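Novice: just coords:
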């Protein structure tokens, strides 16, 4: 059995009992960051578990080892640093391999940063497009946003604090000054959701150092 375990995006109180029970019963836990997952296990009193790194740059190699465990009848739980494996985190290729080899799999649902940001944005939530992280460089990022210019759906992106200003500027240039919202540190102590046009959000960020992960929500084409 392959279990994809959703973990809290900030507040540990969001960890479900089912997620705890699944991690406790797994023969192997594949983790994006074994240190962070180790602290999570410690917090919930889960001891003696075998942890294996499973992150972006070793996904293919580690995925082959995980698949072998699964084919031997073991229970493998996969968890990312925060949120859902396979959503802007490793997991998709492993799910596909499990399906191809008729290995049973399930997911333990839980917190989702992009769903939370969408709901709190005040923008239409009945239809939306989640686009993950934009490219890191300006030219590729502008081309990335250009593909969304005519989309009628609410657009959602993730971004780091180190690139959020430039990303918003590129979004403004390519999409125009649309209504938008910016979620930061969702579920954490200093959770914040800012709402306004893209130009207003850029101005509000100012010039100081920024911290925490961001979710960008932008209205679709009118």
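Specialist: Perfect, thanks for sending it. Note that this is a predicted model, so its numbers are computed, not measured.

Novice: could you say which helix or strand contains residue 66?
Specialist: helix 59-71 (DSSP states H and E).

Novice: So which other helices or strands are in contact with that helix?
Specialist: Applying 3 or more C-beta pairs under 8 Å, 6 or more residues apart in numbering; DSSP states H and E, one finds that helix 59-71 contacts strand 28-31, strand 51-53, strand 76-79, helix 92-100. The way it works is simple: take the backbone N, C-alpha and C, and place the C-beta from them, glycine included.

Novice: So what are the sheet partners of the helix or strand just after the last one and their directions?
Specialist: Same thing as helix 92-100. As assigned by DSSP H and E, the chain's next helix or strand after helix 92-100 is strand 105-108. Applying DSSP bridges to the sheet, strand 105-108 is found paired with strand 2-5 (parallel).

Novice: Distance to residue 203 and mean neighbour count added to the helices and strands packed on helix 59-71, as JSON lines?
Specialist: JSON lines is the format used below for these (distance: least, C-beta to C-beta, whole Å; neighbours: other C-beta atoms under 10 Å):
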{"stretch": "strand 28-31", "distance to residue 203": "39", "mean neighbour count": "26"}
{"stretch": "strand 51-53", "distance to residue 203": "41", "mean neighbour count": "15"}
{"stretch": "strand 76-79", "distance to residue 203": "38", "mean neighbour count": "26"}
{"stretch": "helix 92-100", "distance to residue 203": "37", "mean neighbour count": "16"}
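
Novice: need the strands for the protein, in chain order.
Specialist: Using DSSP state E, the strands of the chain run over 2-5, 28-31, 51-53, 76-79, 105-108, 128-130, 154-159, 179-184, 192-197, 214-218.

Novice: domains of this protein?
Specialist: As recorded under automatic domain parsing, the domains making up the chain are 2-108, 113-218.

Novice: Now the longest one: average pLDDT?
Specialist: Put plainly, it is domain 2-108. With pLDDT averaged residue by residue, domain 2-108 scores 96.

Novice: Endpoints of that domain, how far apart?
Specialist: 11 Å (C-alpha to C-alpha, to the nearest Å).

Novice: measure residue 194 to residue 161 for me?
Specialist: To residue 161, residue 194 is 14 Å away according to C-beta to C-beta, to the nearest Å.

Novice: Kindly report the same for residue 5.
Specialist: Counting by C-beta to C-beta, the gap from residue 5 to residue 161 is 26 Å.

Novice: So which of the two has more stuff around it?
Specialist: residue 5 (28 against 15; other C-beta atoms under 10 Å).

Novice: Touching, that one and residue 23? I think so.
Specialist: Yes - with contact defined as C-beta atoms under 8 Å, residue 5 reaches residue 23; the gap is 6.1 Å.

Novice: Overlap in contacts, these two.
Specialist: Residues touching both residue 5 and residue 23 (C-beta atoms under 8 Å, 6 or more residues apart in numbering) are 77, 79.

Novice: on that earlier part again, so which of the helices and strands packed on helix 59-71 is nearest residue 185?
Specialist: Residue 185 lies closest to strand 76-79 among the helices and strands packed on helix 59-71, at 20.4 Å (C-beta to C-beta).
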